[in-house]
Structures are given as C-alpha cells and as structure tokens.
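# Attaching a predicted model along with its sequence, questions to come.
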There are 2 protein chains.
Amino acid sequence: MDRNAYSRPISLKKVRVTDAFWKQEMELVRKEVIPYQWEALNDRIPDAEPSFAMRNFRTAAKLNAAKKEGAKPVKWPLEFRILPEEGKPLEDRFYGCLFQDSDFSKWIEAVGYCLTQHPDPELERTADEAIDYVCAAQLENGYLDTYYIISDQDQIFTNLRDNHELYCFGHLTEAAVAYFEATGKDKLLKAAERYADYIASCIGPEEGKKKGYPGHEIAEMALVRLYEATGEEKYLDLGRYFVDQRGTRPYYYDLEHPECVEKGKEEQQRYSYQQAHLPVRDQEEAVGHAVRAVYLYAGMADVARLTGDETLLTACERLWKSITEKKMYITGGIGATHVGEAFSFAYDLPNDTAYAETCAAIGLVFFARRMLEIRADSRYADVMERALYNGILSGMALDGKSFFYVNPLESVPEACIRDERKEHVKPVRQKWFGCACCPPNLARLVSSIASYAYTQSKDTLYVHLYMGSVLEQEWEGGKADIRITSEFPWNGKVSLEVRTQQEAEFTIALRIPGWCTSYTLDGQPGPMAGEQVKDGYLYVKRAWKDGDRLELEFPMEIRLLAADDRVREDIGRAAVSRGPIVYCMEEADNGKDLHLYRLAEDPAPVERRREIGGMTVTGVRTRASRRKPQEPGPLYREYRKPEYEETTVDWIPYFTWANRGEGEMQVFIRTGD
Amino acid sequence: MDRNAYSRPISLKKVRVTDAFWKQEMELVRKEVIPYQWEALNDRIPDAEPSFAMRNFRTAAKLNAAKKEGAKPVKWPLEFRILPEEGKPLEDRFYGCLFQDSDFSKWIEAVGYCLTQHPDPELERTADEAIDYVCAAQLENGYLDTYYIISDQDQIFTNLRDNHELYCFGHLTEAAVAYFEATGKDKLLKAAERYADYIASCIGPEEGKKKGYPGHEIAEMALVRLYEATGEEKYLDLGRYFVDQRGTRPYYYDLEHPECVEKGKEEQQRYSYQQAHLPVRDQEEAVGHAVRAVYLYAGMADVARLTGDETLLTACERLWKSITEKKMYITGGIGATHVGEAFSFAYDLPNDTAYAETCAAIGLVFFARRMLEIRADSRYADVMERALYNGILSGMALDGKSFFYVNPLESVPEACIRDERKEHVKPVRQKWFGCACCPPNLARLVSSIASYAYTQSKDTLYVHLYMGSVLEQEWEGGKADIRITSEFPWNGKVSLEVRTQQEAEFTIALRIPGWCTSYTLDGQPGPMAGEQVKDGYLYVKRAWKDGDRLELEFPMEIRLLAADDRVREDIGRAAVSRGPIVYCMEEADNGKDLHLYRLAEDPAPVERRREIGGMTVTGVRTRASRRKPQEPGPLYREYRKPEYEETTVDWIPYFTWANRGEGEMQVFIRTGD
C-alpha cells in the first residue's frame, strides 16, 4: 500500500452539487423522504404501523429521570419486535423492532448531509430537538440503546450476535459525525463518544472484558469515522479489534449462548450468516447476509487503510472479486437469495427470485469507495457507478414516495402475488416498511453522493463519478474552485473549468469508465502526450490558471451485454445498456408475456427520448421478434420451430421501472442462441 | 353419465402379471421395499430414526388392557411429532408423527396386493400378527387411532383439519379392503367397519353430530371402497357427506378452532391448502397441497360414479383439466411449489425448484383411473401412463433401496446443497424418510398395477396400459383367459391371445396411446371395417374362439416435445420422448454444465440400447451443439454470438436418473429459438 496515494472523500461543505440528475434525486430526499420519515419516526403517518422510534427515546429519558428519583426499573421480556396490545393504552415500555433506534440515526445522518447542500434553519431546529431527546435517553455510564435501557439493563451486551446493539451504536455514530461535520454541533458526537467509551470498557482484548463483536456489522466503519472526526486512536483500536476478533476460535457466539449452538451445523458454516465463520483474513468467499457482509468489508478496508495492514487489504481484494466476479447482478445488486437475505453460491444469479436488496447495493458502494481511497482503480468505480444508477436508484420511485427493498431482474405480477417463493418480490414499490432500512439508507447515500463522486489526496483530485458540481478545494500546490458540468448518465460530455486567483499546481485524475472503449480529451483521442493513464484513471497534472478547461467525452454507445456462461439463468440471453445505465423492458411499452420476445440478430438499437414518471430519460428501441400466438393445444405438444413476427422492443432505464403501475418487467432478453 | 358404460378394476386375484418391466418393479417392492419397511415399522433399522408405528399399537393395546383393569389414562400434550428424550427410556406414550399409524396401513395394503401375485405364507403370517396388534389397539367403541388413544381420548375428533385422524382411518380402510380381497381374512376389515361406524356416530348431517370433514383427504375414496367391499350403503353415505360438506359456509374449521382463524387471509383463500375454500362443485382450479387435492378429486369421482351426480362429475372434469392442461409437468409430476407442497398458478412449472412429489403423481393416477371407470377416454389413460413411467417410477432407485420425495426436472447438485431455496430437491435418492409417505405409496401402487392397467364392464375389457399379463375374466357373453404380451415401454408391439373352452362374446377396448399417430392391428393400419374408435379406444367386438389373436403395433418414434408458450421456464426449450417415456440428460453421459448444450436444428435422434443400474433401457442420442469454453473475462461482457461446437447428447429415461451417483440432470434442452 502506498499511503501517499491514499485519497479521502471531500468535505460536503466544500462542494455544491449542481447536477440536473442527482439534484433531482437529492431534492426528492429533501422534500419527500426526510419530512415523511420524520413523521414516521413520530408515529404520525395515518394507516401505517407506528415506528415508536422517537417515543422510545422519550420513554427511556423518562425512566432515567424516574430512576434518579429512586424508581425501580421494570423488566420486560426481550422480544425481537414488540407491538402494543390492541385496544390497550401504550405502556412505558419499548415498542418496535429491537433495532428501532437506528431509524432515528439514519434520519439525522441524512439531515446532516442535506444541510450542507441546503441550509434550512427549521429542519436544523427539529434535528437539534430530536438530538436533545436522544441524549436524554443516554445512561450516565454512556450506554445508549433504548431497547435495553427500557427493557432490561441487566441484559446489556449479552446477545451481541442477534440483538443489534453494536449495529445501533454504529448508525448513531455515523449520524453523529455527519451532523457534527455539517453543523459544527457536537452534542450527538459527544454522546456517541461516551457510548463508544462505554463499549470499550466492556468489550476488548483486556482481561475481564467480553471478547465479542457485532452480529450486524457497521460499528467497524463507524468507529473509524469517529476516530477520523476526533483524532482519538482508541476508537480506531476498538474498530480494529472488532475486525481482528471476528470469526476467531472459540467462537464468541458459542461462548455467549452455548445453549444455542446449532450442533448439526458444520462448524465452518455456523456463523457464515454473520461472516463470523472464519477470521476475516481467511475468508475467501463473500457469504451470508449481504448487507452485513459489505458493511464488514467496508470496515475492513477502512482499518486496512489506516493501519497499512496488507493481509487485511488482500482479504478485502479477494472478497471484492468474489462479489464482483461471481455474485453480482448486472444492476450492481447483490444477495441472490431471500433465504437469509444472502449471497448464494458463485454464478447463481436468478432473475425472478433475486433478493438484491437496495441496502446491499448501497453497502457495496461503501465498500467500493473505501477501496478507491486506498487505490484509485476504475474497477471499483465502475461497480460503484453500476450499483448507483441501477440497483440502488431502482429502490426509490421517481416521486420519492415509495420504495423497493428487493430489486428483481424479472417480475411477473401474478407470480409475486400467487407464488409464495416470490413473496419477497413486490410488483410495485411499497410506501414504507415495518423494517424501514432501505428508504433511509437511500436518503443518506443520495444526500451525500458527492463524497462518492470525488476523493482527494494531497496533490490530486480524483473524479470517480461525473456529476455537475462546484468544488472548492485546496492542495499542497494551491487552491482552486473546479466547476464540473455533465449530462450524465444520458450524455458522456463532461467539462471541467478551474477558477483560481493564483496559479495552482495539482493533478486531476479522471476515471475512464469501463463501458467506453475510447474517449476524447479536448476533442483529441486520449491520452495525450505527457498524460498518464493508470488503472483506468487519466492523470492530468498541470499548473492550472483561472479559466483553464478540460472537455471530455465518453461516448455512450448502446451496448448488448451477456453474462458469463456459468450464470445458468442468463444463458442464451442478453441485456441492453448504454453508458452507466442498464435497461429493462416493461409491459407498459411491450405488452404482456415479455418472455415471448427474442432479440433480432441485428438488433439495430436506437435511442429514444422518453418521459417516465416526469423524468426525461434516454430510452432504447431494438429490433426483436415475438412468438406468434400458438394454436390451442395440449400442455405438451410436438415441438415445431416456432413462428416469430418481427417487431421492436422498447427499453427503459432499469431504475425507472414500476413507475407506471403494475406490470411485467425483464432485464435479460432471449437471443436465440 | 351412462352407467352401463361404467367399468371397474379387475380383481387382482384373476390376473397374473408376467410383464418383464413391471414384474421387475414388483419384485423390487416384494423383495426390497416390503421387508425393509417391516423392519422400519418395528424400529429395527440401524442408523435410522425409529418409526414407532408398531410400538404405538402395542402401547395402545397395553393401555386398553390396563384400562379394563381400572387404570386411569394419563394425558399427554398433542404435539405434531413426538420424539423420545435422549438417554431416557421410552415411556408408555405415543412416538413419531401424529399420522404414524398410516405407515402400518400402507404396508399391509402393499402386502395384500403382493400376496395376490406371489403367495407367501410367512409374509401372510407376519401380516396376520401385525393385524392382531392393530386390532388389540382398537377401543371398544370402534375408535382406532393410537395417537389419540394413547395421548388423550378426550380430544378425539377435535382437530379434523390438522391432526390426520380421518386420513389414518382412510389408509386403514384401504388396507383392510385390500387385505380382505387378497386373503379372504376379514379381521382388519371388521375393525375398519367398526371404526367407520364410530365415525358416522360422531360426524354427519344429523343433529348433534360434528359437521366436519377430513383435513387430509383419502377417507372419501376409502369409504367408497368399503361400501363396495361390504355393500353397506352407510359407508357411501359418509363418503358422500365428506364430499358435499367440504368448503361449505360457515367453514367447519372456523367453528372447530375459532381462535386459529387467520383473520388477514381472504376468506376464499383460507382453506385452499385443504381444498376447503369452496364447496367442491364450485372449485374451478386445482389448488393447495397437491396430494390432498388429487385424493379428494379421486374420491369425488368415486362418489359421482356411484351416485350419478352430474354436477360432481362436471367439477371433476374441470379440475382434471385445470391440472393436466395448466399445472402438470411433462413427467406427470404435479405440485410446482414446495411451499405447502402445492400447486402453483397456471403454467408456473419451474424445472429446478419443482416439488412434483411422488405421492402427488400417484394420486393423479388414482384420479385418472376413477375417471376412466366413468368413461373410457384416452386423455385420462395418457396422463396415467405419463405419470407412471416417469414422475412416479423416478421416485424409486432401480435397486429399490432409496427414494425421491421430490422429482425435479433439472438438478445441479451444488444448488441442492448450497441454495436453501432448493433444499427440498435432493441430488440423490434418500434411504428412507422421517415422514415416510412416498416409498410405501409407491409400494402399494406398483404391487396393484394391474388394477390400473385394466378395467372391465359387463361386456368389455378395457386395456388402458399395455403390460404382459394373463387375465381370467368373465363377461355376460362368456368367460376366457386373455394372454397379453408386450415389451412396453421399450417397444410398441402388443399381442393378445384368447384362450377359452367355449366361444365367448365380448369386446376388447384397446387404448390408442396419444403419443402415436398411427398404429396397426394385425398388420393393417387401424381401425378396420366394423371396428369403432371412440375417445381414443379401439373397440374390437367379436365372438372369441380359443386361440384367437390380435397383433397390435403402436410405433414408438422418438419425439421432440415443447411446452405451451405460457410455460415461461420452458420457452425456447424442448424435451425428448419416445412412447410413454420422457428422457433426460445426465452429467454421467454428457459432462457438467448441461445448460451449455443446445439441440441441433436437425437433431437426428437415434435409439441406443443402454444399461442403467442393471436395467436394459432404450436410450436416445441426438445431435446437439455445446458452447465453446469462454475466454476469461468479466462477469458481464460485450454480447457476441456464442461459438458452439457440434456434438451429441445422450438421453436416458427420466425415471432412471440418479442411479449412477450424484450429478447434473436436465429434461428440457435449449433449442435456440
């Protein structure tokens, strides 16, 4: 690892996103998702199950106050999800899922990012008040998880595997750092630090402490972030401990609950759901719950970067390849099976029963960005871009009002409704979820998108994604504003203009997307003499003067893609893509029974400007043929070469599907070979 | 309905099966399955979970005796499956699944059929002793189900929906009739009658009786059979009551356990698993647990035949079409989803996640035979034959020692092992099952196969299946032996010879299989002048003299079949068949990655004599092409027309798959269109 080459995300306060595409998504988050979510957190959505998240904080604060007055705490059974008894008044107990606190954290994190782009005193006041409630719930020793504070404080840290305490801590900490960085207010940050200190007093390598680690990872990333915000090494130490301790023998989870050890299960399978079946450096294959997996790998990459641990980086690289070379959908979706919301085996990527949870693709972006920080290699950025424009944005309706948890590559409404094996696949987006992880995760990603687009080292600005923005940046060689304009993802033209009062020497490293075979810089096929291309990045090093410009063009050709032959479900099939966008065919354009279409031998794809759900997009039309209606006959009949009639198929961007009512959808089309 | 056209199965005592193919299967049942099963029933199989079936009868008998001495019965909780506590001695309680009694019944039924073909005094003595144990368990009032006798007699008939009492009764009754008809011994028959009388005293239309019906159907068929064996109308009445009462409002199951009504579930869905969502005459679609469904439909057909109820027959015909035109695999397997072991929606017939339980295909044969009794129509017999030679026989290994519960049409061992969505699909047959329904069901079907091959009316012998046999039969027009020789399923030649001392006038109705487009009778393309063909049967009416012969030939061409276009999983695919046999390709012949093969445009199929697991079969070889190995590259890459190399594919009969170790298997092959 070359620490000098490390880059870090830029501060969101020093960037203004002006991009037409991303601005629209960010505005949906700001105007629709964040306000809706606040109402949800406060149980004010009619016809929706209450969240109880804010109520739980208030209940915990009330019990804390009562305890100071000498009240004896009541104990409640620790159930996964606690719902009020019908017709009875609410009690002073915890309600909702045991990880309900994290809903607040995801919200306040998104609010933080949002405030950097769009100051909003009223929203900030609401957030400050919410933080007051949360902090009032914190115990004197620093512990802050209302599930245990309210239900049974004696049980704190007794079920790290299942009960999400360290997961909630991780989200709280990410939120606290984000809000601090956005507003300069450190009340929540201090609370997170106190909580982290308390955790470190209970869990760690020292004698007498628990040798545990999170059942649902995220604390690893969060602790690194807390370290980087505060400079306190102890937080990095705890994050590293979680990474190093994971999967070591004897298994902590065996010791934690010896009565729950699944005897029949082979040892190396036992905790693969939590990626705790092996020490992380020995893990060869991405397995288990996909969100947990990529959160862990992101944390491993963070620790590897900060510690220079090559063995850990090697493991990250191996797991990256396991996912992106064998276990990822063309949309960037990961987690092929709903059983355990998990990775399936290599090349098992069914289209119609896919899980491909929105949050898992988001986690893959977290992992990719962290790998990019260590080494700018377009392999990581290509995957990041693929997930963002396809399997992640598909998670939210174009009006920001409904969401997919599961992002299939083929959908037949009748199957979703009538086939219980596809119960997890929804034909239309849902308003909100009982376990509302994907919408707020989308909100925090979209509102911080600039920190994925750009990273910076001491002498280089890395441009990983192209989006219109104005960056105020500083390097060793001087400071400058960089104004980027782009029409991504619809047009590959990008221009960068440098505004500076003094000449500034620095490098701009521009990702050459994997989907284009040629590009031009200032009208010339690149790279020009003196420009270096390394690992898919074009390095333009100059002494920049005010008004200097770069004009880039990455031609967005319509491409037909096929999966590796080992992907059984895609054999004899192809998909359409253009630039970073993967396409799909929908019933709304092509009628029912999409499986009857076959791509023409000469598909002659053309672009078509389309309006989908109020968004102007570049659609595609290809030549195709469609089976002629069969004569009535028995279910199984003499095979005859089927008759086809020539026609066309209209393709829309995958992320825009299911915005025009319920209907069939398909990404891969038969090719007749 | 034309009651004069009704036919009935012939007595197994008046037929001797000489057929090479079926004889081999019957010998497996006689020499392997029945003895093994007896050991299993008596908990004498090392390394297998004990059945406890015979032990339960002995325990019940012991408690009955003790009760007479005044002992007070102990009550036990009614769990679905009761296993002994490890390391503790067995107690005087029920062990096993709550329907464990039926294991005995299925065994003794198979024994009965077996004795008709192969007298075996030792086996008969064992059976008689077993019957003694069973009868000793019967309560004085006639009740006979050890689960309740031992566990809690107060709970008898309090959970008809779930607790299988009437299911166990049905199996007991079928067994009792079969054993009586085989041996003339009526001890078990009398026990079944007493039990039936007791049921009729508790359940029925009269005031004060429960208005219930079986949760798992079979009693309907069994009661009809009991009626036909004894001539007692009351048994037909009870069977008819079960049929008529089913699905009426208010739902009996709602009344039985109001606390268990699933409120969220739409009313018409509520008991569809048990086919009790609607009155049977209003049911349009085959739904729910596939075995239960076809057992019900078979019972409905029985009642329709005996009562002349046209509305019931119409429902049977509609449900028959729902299955065979929309919900049946090419192997005759039914039940496309493991969720509830149930029918999926129309045309949803996935190959790799198929359930296609052996017992369900057996039940389809029961239903088909009963429809044939009402009207000889080759549509029914074609399906019966399809199921028998394919999706049923595949349930048993060629050595009779291991069994499939699930019969997929595509299998990749890695997927079965690593993909929990396919956990139900096994790559190799299992020795025995905890819930051992399929092996004994196969045993009773195979050992009574002649009663499916032939039915008889007062003037006609119907030949539905071709198998070598000697039938001693009598008609109004005289009596005769008919000697049939056949090399089915490998060769379509059949000859029939009549041996009679006096001229006998009767009709032989010969099924013309749906898979042949022409046939010859005595060397001439049929039918000849004076012969009638109706509904796929050739009626040959003669005054038969000793030595009269008919020589038939149904050419067995190799045929390529395709599914209806609405079967998404089979689009662009074809299957190979010949005569009644459906073929599959196996890794043992064709290597791994069967999905890489494509059928040649001119497949030029040829027959190949093969030995599989000791059986000589007619295999098939077709021309095909196989994708050339891909160059290493990314998971998704530029689509290029794939390169293929010409080769051949070897096909073996589907029912012989998985007899040569673990490997891939596939029925449908891509055709490139």
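Now that the structure is in, tell me what you want to look at. Numbering: from 1, shown residues only, chains lettered A, B, ... in the order given.
# hey, let's count contacts and neighbours off CA atoms from now on
OK.
# ok, how many other residues are close to the residue nearest to A:L278 when sequence neighbours are not counted?
Counting by CA to CA, 6 or more residues apart in numbering or on different chains, A:L278 lies nearest to A:G247, which is 4.3 Å off, once chain neighbours are set aside. Using other CA atoms under 10 Å in any protein chain shown, A:G247 has 26 other residues around it.
# same question, A:K534
Counted by other CA under 10 Å, the residues lying close to A:K534 total 14.
# which residues touch the nearest residue to it once chain neighbours are set aside?
Nearest residue to A:K534, sequence neighbours excluded (CA to CA, 6+ apart): A:D377, at 7.8 Å. Contact analysis of A:D377 by CA atoms under 8 Å, 6 or more residues apart in numbering or on different chains lists A:534-537.
# Now do A:D377 against chain B, distance only.
A:D377 sits 15 Å away from chain B, going by CA to the nearest CA, to the nearest Å.
# cool, A:M300 as well?
24 Å.
# before we move on, what SS does that residue have?
helix (DSSP: H, G, I helix; E, B strand; the rest coil).
# sorry, back to before: test for you: state the pLDDT assigned to the residue nearest to A:K534.
Confidence at A:D377, expressed as pLDDT, is 97.
# Which helix or which strand is home to A:D244?
helix A:233-245 (DSSP states H and E).
# returning to that earlier point: pull out the buried residues from the contacts of A:D377.
Those of these that meet the buried threshold are A:536-537, by 16 or more other CA atoms under 10 Å in any protein chain shown.
# Am I right that A:T358 is in contact with A:F403?
No: A:T358 is not in contact with A:F403 according to CA atoms under 8 Å; the separation is 9.2 Å.
# So between these two, which is more surrounded?
Neighbour count, other CA under 10 Å: between A:T358 and A:F403, A:T358 has more, with 31 against 25.
# before we move on, the earlier item: any common contacting residues for A:T358 and A:F403?
Common neighbours of A:T358 and A:F403 (CA under 8 Å, 6+ apart) are A:395, A:438.
# any idea how far the residue nearest to A:L278 lies from A:Y253?
Shown here: A:G247 relative to A:Y253, a distance of 9 Å by CA to CA, to the nearest Å.
# Report the next helix or strand after the helix or strand where A:A304 lies in sequence order.
Assigned by DSSP H and E, A:A304 belongs to helix A:290-307. Next in sequence after helix A:290-307, counting helices and strands by DSSP H and E, comes helix A:310-326.
# right, is that next one up against chain B?
Yes: applying CA under 8 Å from any CA of the partner chain, one finds helix A:310-326 in contact with chain B at A:324-326.
# Between those residues, which sits nearest B:F506?
Set against B:F506, the nearest of these by CA to CA is A:K326 (68.1 Å).
# tell me the contacts of that closest one?
A:346-347, B:635.
# Now do A:N56 against A:G170, distance only.
Counting by CA to CA - A:N56 and A:G170 are separated by 18 Å.
# and what of A:T671?
The gap separating A:T671 from A:G170 is 46 Å, by CA to CA.
# between those two, who's got more neighbours?
When A:T671 and A:G170 are compared for neighbours, A:G170 comes out ahead with 27 against 24, by other CA under 10 Å.
# Would you check that that one makes contact with A:R225?
No: A:G170 is beyond contact range of A:R225, at 9.9 Å (criterion: CA under 8 Å).
# burial measure for the closest residue to A:Q532 other than its chain neighbours, as a count.
Setting aside the residues directly before and after it, A:Q532 is nearest to A:Y539 in space (CA to CA, 6+ apart), at 5.3 Å. By other CA under 10 Å, 20 other residues sit near A:Y539.
# Could you point out the longest strand of chain A?
strand A:615-627 (DSSP state E).
# For that strand, which strands pair with it and how are they oriented?
Taking DSSP bridges as the criterion, strand A:615-627 sits next to strand A:597-599 (antiparallel), strand A:606-612 (antiparallel), strand A:644-653 (antiparallel) in its sheet.
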